[in-house]
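Novice: Everything below, folded, please.
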Amino acid sequence: MLGLVPSASLLGVDGHAVTVEVHISRGLPSFSVVGSPDAACREASGRVRAALLSSGATWPPHRITVNLAPPTVRKVGAGLDLAIAVAILVASDQVPPEAVLGRAFIGELGLDGSLRPVPGTLCLIEALSEGAVVLPAVSAAEAGLVAGRVVHGIDTLARLLACLRHEEPWPAAPPSAPPPRLPAAADLADVRGQPVGRYALEVAAAGAHHLLLLGPPGAGKTMLASRLPGLLPPLSDRAALEATRIHSAAGLGLPPGGLIRHPPFRAPHHGASAVALVGGGSTTMRPGEISAACHGVLFLDELAEFAVHVLDALRQPLEEGVVRVARAAATVTFPARFLLVAAMNPCPCGYGGRPGGCRCSEGARARYQRRLSGPLLDRFDLRVEVSCPSVSDLMGHALGEPSAAVGARVLAARAMARSRGVETNAAIPVDRLDEIAPLGEEAVEVLVQALQSGRLSARGLHRIRRVARTVADLQQQEAPITAAQVAIALSLRADTSLPSVLASVSSP
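Specialist: The predicted structure is shown next:
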């Protein structure tokens, strides 16, 4: 007696099709699972047996062998519970084999026979070739994002058994949920003063340039960074689907409609480990915070308080836009194209060596400076000092420019970038810089002086040209980049080493 049921298993952010084969033979009652299962898969016998008995089905008192094919792919989690239960029902002649033809089954089983959701439902369905999929009812909206699939949302195994026996009709697909109303984003008008910080935020949003805010406590660094999501345009269909896949695989919450339309904003604590930030794990390969921020913003507050090896793990994803995690069990690739915004104090006490204010010794300041490597700092396109606002700015009644007005300029600048064949100016390939960001003669002279003085590295030169292109786009200028626009880009980028940045901040 043999039962075959299609399903899928998750590895990283990709689903892999799995065929659950159940063979029931004579012999002492036993239950074994083969085909590279993890501990959760091997424990399926207890959950499946209790769920079948709670649903009015019979547990075969024979030798039951479950094979999860292909054996070359490691199966993790409890998402194969439902497929194993259905395959047992087919192999024991409790359900006709033709009832499962063309249908795949995904879901975890509770001991009472309830169907529970599993992480990565969207990724799992994309890996299936069957036209219909049966899964927990709470996952039906997420499953409906995959075009061309018939979705059957079931809440209990007993009801599924009735549908397979043609005693009840299959439930209809859930209606499409209306687009959710997004919560009001924090408005940039709330920020008092800070003209340089506000403009740097606008440039970062328009060109997807990485931004470092440096200043004393209470200057408004976190307040500025939290206003960035309100300046970003909604995600495209492709980006929204990829962000949703990542959040689904990570087990993060999804909006009511199932699709993430607004750029995500992730702000992990500075005690986060490298695995939490980058992703991976010993058994379950889950995406980390930088992947959860894909097509959105990753905000690292108190940047210098993160562990040094955690920060250095950001260098490769910032350049390539992906994370490659290699473990003994498997190697996975996570998307990681995000906008990095960081905030830090100039020294441990926060006041940067100012006479009468700083309480740090020279050794403490030196150790603090060494926590950020030069290569990581060089990957920040914008490095801006945020000073404390004046009393008149704080006590005045005049409001700054609202996020809606700034967001309109950001949207127009991004439209200019897309017209040139790039998503944002930060993604301009090096071999297309001369085409997309041509330099005027005076602009070339400004950059030559910056290179000769050691202020710019080769990487920094390319980043300055991309930022200058964004400055020109915000001014709605298509002409070659001018010296003034290059000067603005240079003024938004401090020198390439942290000690020189701190020296400029610390100067009275």
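Novice: give me the low-pLDDT residue ranges for the chain?
Specialist: 174-184, 282-283, 329, 352-356, 397, 494-508 (pLDDT under 70).
Novice: The biggest strand by length in it - contacts with which helices or strands?
Specialist: Counting by DSSP state E, the longest strand found in the chain is strand 14-25. Applying 3 or more Cβ pairs under 8 Å, 6 or more residues apart in numbering; DSSP states H and E, one finds that strand 14-25 makes contact with strand 2-11, strand 63-69, helix 81-91, helix 121-126. Where C-beta positions appear, they are placed from N, C-alpha and C, glycine not excepted.
Novice: Tell me which strands that strand pairs with, and in which orientation.
Specialist: Strand 14-25 sits in its sheet next to strand 2-11 (antiparallel), strand 63-69 (antiparallel), going by DSSP bridges.
Novice: Need the residues that contact that strand.
Specialist: 1-10, 60, 62-70, 73, 75, 80, 83-84, 87-88, 90-92, 120, 123-129, 332 (Cβ atoms under 8 Å, 6 or more residues apart in numbering).
Novice: Enumerate the positions of the strand or helix carrying L447 that are buried.
Specialist: Assigned by DSSP states H and E, L447 belongs to helix 441-452. In terms of neighbour count (16 or more other Cβ atoms under 10 Å), helix 441-452 has its buried residues at A443, V446, L447, A450.
Novice: Just flag the most distant two among the residues you listed.
Specialist: A443 and A450 (10.9 Å; Cβ to Cβ).
Novice: Tell me where the stretch 101-250 of the chain has helices.
Specialist: 121-126, 140-143, 157-164, 195-207, 221-226, 237-250 (DSSP state H, counting those that start in this stretch).
Novice: Okay, now the sheet partners of the helix or strand following the longest one, with direction.
Specialist: Once the chain leaves helix 237-250, the next helix or strand it forms, by DSSP H and E, is strand 265-266. Looking at strand 265-266 with DSSP bridges, its partner strands are strand 297-300 (parallel).
Novice: For the partner strand, which outside residues touch it?
Specialist: By Cβ under 8 Å, 6+ apart, strand 297-300 touches 225-226, 228-229, 232, 263-268, 270, 289-290, 306, 338-343.
Novice: Using CSV, list the CA coordinates for the helix or strand that that strand is followed by.
Specialist: With elements assigned by DSSP H and E, the helix or strand that comes after strand 297-300 is helix 308-312. Extracted C-alpha coordinates of helix 308-312, given in CSV (Å, rounded to 0.1, in the frame of the first residue of the first chain):
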residue,chain,number,x,y,z
VAL,A,308,33.3,44.8,15.2
HIS,A,309,32.9,41.5,13.4
VAL,A,310,29.2,42.1,13.0
LEU,A,311,29.8,45.4,11.3
ASP,A,312,32.4,44.0,9.0
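Novice: Check which helices and strands helix 308-312 sits against.
Specialist: Contacting helix 308-312 under the criterion 3+ Cβ pairs under 8 Å, 6+ apart are the following elements: helix 274-278, helix 374-378.
Novice: so how far is that helix from its chain's centroid?
Specialist: Centroid separation for helix 308-312 versus its chain: 19 Å, with Cα atoms, centre = their mean, to the nearest Å.
Novice: neighbouring contacts of the helix holding L447?
Specialist: The contact list for helix 441-452 (Cβ under 8 Å, 6+ apart) reads 439, 456, 461, 464-465, 468, 480-483, 485-487, 490.
Novice: Just those residues: which are in helices?
Specialist: Assignment to helices by DSSP state H places the following of the contacts of helix 441-452 there: L461, I464, R465, A468, A483, Q485, V486, A487, L490.
Novice: Most neighbours among those residues, which one?
Specialist: A468 (29 neighbours; other Cβ atoms under 10 Å).
Novice: for the closest residue to that one other than its chain neighbours, what are its contacts?
Specialist: Of all residues beyond its chain neighbours, the one nearest A468 is A489 (4.2 Å), with distances taken as Cβ to Cβ, 6 or more residues apart in numbering. Counting by Cβ under 8 Å, 6+ apart, A489 touches I464, R465, V467, A468, V471.
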